[in-house]
Every structure is written in C-alpha cells, then in structure tokens.
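Undergrad: What shape does this take:
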Amino acid sequence: MTEATSTDLLPMRDVVNLTGINPVTLRAWERRHGLIRPQRTEGGHRLYTAQDVQRIRDILRWTGSGLPISKVGELLARRSDEVSLPSGPNADSIEHWRAVVLQATKAFDRQALEGIHGQLFTLYPKAMVLLDVLMPVWRSLLSGNSFGQRSQWLFLDTFLRARLLLRLQLNQLDAPCVLLTGIEESAELELLSKGLLLTSERWRIEVLGSGQPLEELPLLCATLKPAALVLAPQGPVNAALAKKLCSLQMDIACPLALIGDGLADSVAILHDIPLVLLDERNVGANLKLDALLRGALEL
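TA: Purely as a prediction, here's the structure:
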C-alpha cells in the first residue's frame with residue numbers, strides 16, 4: 001500500500017467543505033467512536049486522506065438512512081479497505097418482520113408491537129423499517145375488506161402514529177425548522193413516515209396537518225420562517241399542480257422541495273421551477289436536504 005504524501009492530505013476545513021459534516025461531529029467520530037483516524041502535522045493539525053473522505057461520506061449515508069452511529073463501527077470492522085452501504089434485511093427477513101407485525105396487529109397486542117417496533121429500529125436503518133416493513137403492512141390492511149381488517153388497520157395506524165410522532169419530537173427544539181406537508185388529502189402516518197426519513201441532528205421536522213391548503217402556505221412560511229418547505233405530492237405532478245408550485249415558490253422566502261417515491265417521472269414538467277426533488281427511497285435524500293439548507297445545492 002502506498003503511503004500518502006503531504007500533497008495527498010487534506011486539512012479539516014477542506015473535508016468539511018467536501019462532505020458538509022460538522023467539525024464537532026467529525027471530532028466526535030474520531031475521539032469517541034474511533035471511526036476516523038486522521039494523520040497529524042507536527043503542530044497537531046488533522047490531515048485526511050481521500051479514503052478518509054470516502055469513509056466520512058459513507059458514514060453520513062448510513063446515519064442519514066437511520067443507522068445508529070454505535071453500529072457503524074461494527075460495519076467498518078467487517079470491511080478492510082472498501083466500505084459500501086449495508087444491504088440490510090434480505091427478502092426472507094423482510095417477509096418475516098412483516099408477518100410478525102401483522103400477527104401482533106391481528107391479536108391487537110400493543111405490548112408485542114412495542115417490542116417489535118423497538119427491535120426493528122435498533123437492527124435496521126429507518127428507511128428499511130418504514131418503507132419495507134411497517135408501511136406495507138399498514139397499506140395491506142387499509143386496502144383489505146375482510147371482516148376485522150378495518151379494526152386491525154385502525155389499531156396499527158393509531159400505534160404507529162403515536163410512535164413516529166414521538167420519534168419526531170426527539171428532534172432538537174432549537175434546530176432550524178423544516179416544514180413538511182402533503183398536497184391535497186394524505187394520511188397522517190404517511191406524512192409522519194416521510195418526516196422521520198428526513199430527520200437529522202442539524203434540523204427538526206415540523207409536520208403540518210393533513211389537508212393544508214396550498215395557497216395558504218406562504219402565510220405559514222412568513223410567520224414560522226422555516227429553513228425549507230417540503231411538500232409530499234400524491235403521485236406524479238401534473239401541469240395544473242406544476243403551475244401552483246411555480247406560484248408558491250415565488251411567494252415564499254425559503255427553499256422548496258418535494259418528497260415522494262418515483263418523482264423522477266415529474267422531472268420534465270418541473271424543470272423550470274427552482275425546487276429540489278427528494279426520493280424517499282434514496283438514502284441520499286437526507287444529504288440532499290442538508291446541501292439545500294446549507295445553500296450548497298444549485299437550484
């Protein structure tokens with residue numbers, strides 16, 4: 001292995017600019033968790049290699065997708081040179097967890113759901129828990145018409161809304177606020193799920209009630225002065241909605257973003273509107289929002 005020369009090494013300020021990481025967080029990863037081991041100059045200043053920068057980006061992706069920082073070290077320990085995003089549960093384990101959630105729901109067993117909920121968020125990134133396990137079970141019960149399924153859905157919906165709202169309230173109260181709301185009527189749980197996917201230690205997500213009038217959002221933004229406004233459309237954006245979004249963008253002072261699954265189909269109709277598309281299934285959505293809030297993303 002070739003040893004890095006001084007010209008290959010980067011000072012902390014350059015690493016911060018390249019990755020967007022907070023210097024305090026970077027030092028904590030080094031001192032408290034031992035995830036990064038920068039070299040030092042004679043004066044004690046930290047110097048980072050290109051491999052260090054890549055590792056920092058990978059860790060940001062992991063933690064951005066909901067993996068606890070305490071588990072990142074275990075992943076890095078199993079990799080010698082190259083790290084990649086963990087694939088998470090395979091299809092069999094996903095089906096297992098869905099079946100376990102469904103079984104507890106059908107039994108109206110709140111205590112069992114509490115334990116399952118805690119295990120899932122401990123073992124897997126939040127995106128996998130929400131998008132691959134919990135929400136599919138919730139949707140299957142919502143669309144079912146067998147006797148008892150409506151009551152089962154209501155039981156699971158009430159449980160999950162309370163738990164996700166609690167997780168959202170753990171956001172730092174003094175952090176910059178990001179407003180999140182649906183476009184037209186949308187289920188509260190779906191909005192809470194999207195909000196949890198976007199949470200970060202650098203901002204807090206404020207989820208507005210379902211059915212928030214689009215034309216009144218400038219009033220809320222003028223009053224609450226959020227760092228960004230994120231909208232969750234129901235499906236692809238049509239011409240009528242694109243026109244409203246264009247008008248909305250001009251009436252608010254903060255950046256505008258959309259979050260959803262499959263927003264790539266709306267790129268063409270939105271290309272003239274300065275907003276950001278956040279794919280909820282992309283682990284980079286969190287980093288993209290971070291870049292938007294830092295003004296490092298060109299609209």
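Undergrad: so E114 is in which element?
TA: helix 110-123 (DSSP states H and E).
Undergrad: any idea of the mean pLDDT for the next helix or strand after that helix?
TA: Per DSSP H and E, the first helix or strand lying C-terminal to helix 110-123 is helix 126-128. The average pLDDT within helix 126-128 is 85.
Undergrad: before we move on, what about stretch 61-78?
TA: 73.
Undergrad: Let's see stretch 214-228 as PDB, backbone CA atoms only.
TA: Only the C-alpha atoms of stretch 214-228 are listed here, as PDB (Å, rounded to 0.1, in the frame of the first residue of the first chain):
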ATOM      1  CA  LEU A 214     -51.500  25.000  -0.800                       C
ATOM      2  CA  GLU A 215     -52.400  28.700  -1.300                       C
ATOM      3  CA  GLU A 216     -52.100  29.400   2.400                       C
ATOM      4  CA  LEU A 217     -48.500  28.000   2.800                       C
ATOM      5  CA  PRO A 218     -46.900  31.400   2.100                       C
ATOM      6  CA  LEU A 219     -48.700  32.700   5.200                       C
ATOM      7  CA  LEU A 220     -47.300  29.900   7.300                       C
ATOM      8  CA  CYS A 221     -43.800  30.400   5.900                       C
ATOM      9  CA  ALA A 222     -43.900  34.100   6.500                       C
ATOM     10  CA  THR A 223     -44.900  33.500  10.200                       C
ATOM     11  CA  LEU A 224     -42.800  30.400  11.000                       C
ATOM     12  CA  LYS A 225     -39.800  31.300   8.800                       C
ATOM     13  CA  PRO A 226     -38.700  27.700   8.100                       C
ATOM     14  CA  ALA A 227     -35.300  26.800   6.700                       C
ATOM     15  CA  ALA A 228     -37.200  24.900   3.900                       C
END
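Undergrad: Buried residues in it, which are they?
TA: L214, L217, P218, L220, C221, P226, A227, A228 (16 or more other C-beta atoms under 10 Å). Using the backbone N, CA and C atoms, a C-beta is placed for each residue, glycine as well.
Undergrad: what sits up against it?
TA: Contacts to stretch 214-228, defined as C-beta atoms under 8 Å, 6 or more residues apart in numbering, come from residues 176-179, 181, 183, 203, 206, 208, 212, 229, 244, 248, 251-257, 289, 292-293.
Undergrad: Relative to the whole chain's centre, how far out is it?
TA: The chain centroid and the centroid of stretch 214-228 are separated by 22 Å under C-alpha atoms, centre = their mean, to the nearest Å.
Undergrad: Buried ones in stretch 233-242, by neighbour count?
TA: Here stretch 233-242 shows P233, V237, L241, A242 as buried, counting by 16+ other C-beta under 10 Å.
Undergrad: what residue ranges in the stretch 1-150 of the chain are flagged as low confidence?
TA: 1-8, 64-66, 78-92 (pLDDT under 70).
Undergrad: picking that back up, make a markdown table out of the buried residues of stretch 214-228 and add pLDDT and distance to F108.
TA: What follows is the buried residues of stretch 214-228, written out as a markdown table (pLDDT from 0 to 100; distance: C-beta to C-beta, whole Å):
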| residue | pLDDT | distance to F108 |
| --- | --- | --- |
| L214 | 91 | 38 |
| L217 | 96 | 38 |
| P218 | 96 | 44 |
| L220 | 96 | 38 |
| C221 | 96 | 41 |
| P226 | 96 | 38 |
| A227 | 94 | 41 |
| A228 | 95 | 39 |
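Undergrad: Now render those as a markdown table, adding distance to Y48 and secondary structure.
TA: Conversion of the buried residues of stretch 214-228 to a markdown table gives the following (distance: C-beta to C-beta, whole Å; DSSP: H, G, I helix; E, B strand; the rest coil):
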| residue | distance to Y48 | secondary structure |
| --- | --- | --- |
| L214 | 45 | helix |
| L217 | 42 | helix |
| P218 | 43 | helix |
| L220 | 42 | helix |
| C221 | 38 | helix |
| P226 | 34 | coil |
| A227 | 28 | coil |
| A228 | 29 | strand |
